[in-house]
Structure formats: C-alpha cells, structure tokens
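>>> Following is a predicted model, sequence given first.
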Amino acid sequence: MTVGGTAAYDGQPGIPELVLRAVGVARASGFELSCRPEQGRLLQLLASGRRGGTIGETGTGCGVGVAWLVSGADAGTEILSVERDAGRAAAAAALFADWPNVTIMNDDWSAILRHAPFDLLVLDGGGSGKQPDDPAVDPEVALKPFGALVVDDFTPIAEWPPQHDGTPDSARLHWLMHRDLLSTEVRLCPEMSTIVALRRH
C-alpha cells in the first residue's frame, strides 16, 4: 500500500476500466493507500505470465491491485486477496462480484497462506518482513517451484548495502540475498522501486 497511491491516478491515461472503478471505490471510502499506476502495470504484466495459475495478494485495500491483476490474468487464473479491514474487504468483494475467479477474504494477512503455494504472490499488506511484527513469508511454503513474489514500496537503491533510517535495510536485503530466490529490484519511477523474486526450485 502506497502513501498517496489513490491520488496518483489523477489524469493518468490508459488505465483499465476495472482499475478506474476500484480507484473510485477507494476515493469514495477515503482510502489513499492504493498501489500506484506504475506498480499496477507491473502487476498486470506479471499476472499475464501466470495465466491458469493461482495468484495471492496481502492487503487488498479497496481492490486496485486486484483490478490490475485481473486485467492481466485470464478467467482460468484464481486470484485471492486478503484484507483485515472489514469495510474495505466488503467493498472490494462487491466490486469483483461478477468475477468468479476472484476471492476477497476479510482476515489477517497470514490467512493467505492457507491457500499456498502460489504461482505469484504480492506482499502488499503483510508478510514482507518490513516491520518487527511482520514476519517474512517462507518462499518454500508460499510459492510453487519457480513461483514469483513481489514486494513493493522501496525507495530505489542508492548505495550498497541499501540503507533505511541510517542502517542497513534488513527487509530489502532479506529478499535480495535470499538463498532460495533469484531476486532483483525494479525501479518503477524516480522515487519507488519493487523487488521481484523467483523461487529457484
């Protein structure tokens, strides 16, 4: 979830209609932490490469990220997303009521692991290891062999090791140096980057 993400859609061309509907739900709900268009386009691309598979997401928000995933996936792709806020989960579930391949759950982020392993897992609302009370998921549990994982909302690397608040960025290093993953950081815009990682086996 990105600070100012909902407002980032103002005046943006080429946004899929379903995404615009989700952004409208976010605006009506006063929810400002939707994934940005740059991140959404990456999710759309990654989902298109996992057609017929299973995609998971933590942190549904009002469904903007899910809408991008749906815009890249086909009807045979199962998409599951979990949101701990009951109001947002209900709003997102209503938005995707006509998509039988989409399931929105109202629960803690860890509920997504009951449906693992995934072909693609987007960690936007838990499981990224960015906070002390947010343990990082185990790729061998969460991903199918050669499944992909996405962790967003990093500032682009400007030095090595990457820093956060004046100390090495342990969460970013966890994913970039993980022995079971092939990982890279993708700069989506001047102020934001995302880690994309592939399970090795």
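Cool, got the structure.
>>> could you pull out the helices for this protein?
Counting by DSSP state H, residue ranges of the helices within the chain are 17-29, 37-48, 64-72, 86-95, 139-142, 170-176.
>>> Now do the first one against helix 86-95, angle only.
Meaning helix 17-29. For helix 17-29 against helix 86-95, the angle by axes from the mean of the first three to the mean of the last three Cα atoms, to 10 degrees is 150 degrees.
>>> from the middle of its chain, how far away would helix 17-29 be?
Averaging C-alpha positions (Cα atoms, centre = their mean, to the nearest Å) puts helix 17-29 17 Å from its chain's average.
>>> Which other helices and strands does it contact?
helix 64-72, helix 86-95 (3 or more Cβ pairs under 8 Å, 6 or more residues apart in numbering; DSSP states H and E). In short, each C-beta sits where N, CA and C put it, glycine included.
>>> Spell out for me which residue occupies the centre of the chain.
Taking Cα atoms, centre = their mean, the centroid of the chain lies closest to Val122, which sits 3.4 Å from it.
>>> who does the worst-scoring helix or strand of the chain on mean pLDDT touch, helix- and strand-wise?
Least confident helix or strand, the chain: strand 163-164 with a mean of 90, by mean pLDDT, DSSP states H and E. If you count contacts as 3+ Cβ pairs under 8 Å, 6+ apart, strand 163-164 packs onto helix 170-176.
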